[in-house]
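K.L.:
sharing a model prediction with you, sequence too.
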Amino acid sequence: MTQRTERADAQRNREAVLAAADALFAASSTPHTVSMDEIAAAAGVGKGTLFRRFGDRSGLIGAVIAARLEPLRLAAREAQDAGSSPRQRVRDLLDRSLLFKIENRHLMSAAEDAGISSPYRAEHYTWWHTVLRSALDEVPGVQHPDFTAHALLATIRADLVAHLVDDRGTTPEALRAALAAHLDTLFGDTASPSGPGAPDAA
């Protein structure tokens, strides 16, 4: 077997594992019970492959999250390159992040259970906070943007989102509207239209 073939096989195995883990976490209402054995079986690889490639369960969950987050990262970069106002970047990032948390709440809950996103040292949390704080730095009137970024991210924690959606029956639309209204209050835009897609009151 050539080196190129080995690399191609390793890449296929990696993609199979990420897809299998993603599907299992999405389908499970108790994500903390999804085991490495189940993921290996679903991916059609040996359990040893998982540990060699990802180290442990936390490493695997982190890799799945990183793959799922890439479109969100791209959207954030495009918004900045397009010259959107800082205020609108905050709104858009939080709205997209809330949708991400809703769609991936079981995966993100598994991450929190595994201890890779709380305390706040996970790579994906650092990225979220850095991008949000950077935009808040440029919004007039926002005090303590570093703390405010943490506080806003706390409103979309996966465990809170899962509780509101799964236990309380809150719809995604209602959550997005509530978050938009909260931002209106933060920015002093209480007289402006709120909700996803509302025009920015610069």
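P.N.:
Looks like it came in fine. Numbers count the residues shown, from 1 in each chain.
K.L.:
residues contacting residue 175?
P.N.:
98, 102, 161, 164-165 (CB atoms under 8 Å, 6 or more residues apart in numbering). The way it works is simple: take the backbone N, C-alpha and C, and place the C-beta from them, glycine included.
K.L.:
any chance of TSV for those residues, columns distance to residue 10?
P.N.:
Converted to TSV, the contacts of residue 175 look like this (distance: CB to CB, whole Å):
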residue	distance to residue 10
98	35
102	33
161	34
164	40
165	37
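K.L.:
so which of these sit within strands?
P.N.:
Judged by DSSP state E, the contacts of residue 175 include no members of strands.
K.L.:
out of these, who's the most crowded?
P.N.:
Neighbour tally across those (other CB atoms under 10 Å): the maximum, 23 neighbours, falls on residue 161.
K.L.:
which ones are touching that residue?
P.N.:
Contacts of residue 161 (CB under 8 Å, 6+ apart): 98, 101-102, 105, 108, 175.
K.L.:
show the contacting residues for the nearest residue to residue 17 once chain neighbours are set aside.
P.N.:
Excluding its sequence neighbours, the residue lying closest to residue 17 (CB to CB, 6 or more residues apart in numbering) is residue 43, at 4.5 Å. Applying CB under 8 Å, 6+ apart to residue 43 gives the contacts 13, 16-17, 19-21, 50.
K.L.:
top of those by number of neighbours, please.
P.N.:
residue 21 (27 neighbours).
K.L.:
how confident was the prediction at it?
P.N.:
Per-residue pLDDT puts residue 21 at 91.
K.L.:
can you check residue 196 too?
P.N.:
Predicted confidence (pLDDT) for residue 196: 51.
K.L.:
same check, this time on the one 3 residues further on
P.N.:
We have a pLDDT of 38 for residue 199.
K.L.:
isn't residue 53 right up against residue 12?
P.N.:
No. Using CB atoms under 8 Å, residue 53 is not in contact with residue 12; the gap is 11.8 Å.
K.L.:
which of these two has more neighbours?
P.N.:
Comparing residue 53 with residue 12 by other CB under 10 Å, the one with more neighbours is residue 53, at 16 against 11.
K.L.:
which ones are touching that one?
P.N.:
Residue 53 neighbours (CB under 8 Å, 6+ apart): 10, 13-14, 17.
K.L.:
distance of it relative to residue 8?
P.N.:
15 Å (CB to CB, to the nearest Å).
K.L.:
does residue 121 sit in a helix, a strand or a coil?
P.N.:
coil (DSSP: H, G, I helix; E, B strand; the rest coil).
K.L.:
phi, psi for it please.
P.N.:
With angles defined as degrees, to the nearest 10, residue 121 sits at phi -120, psi 0.
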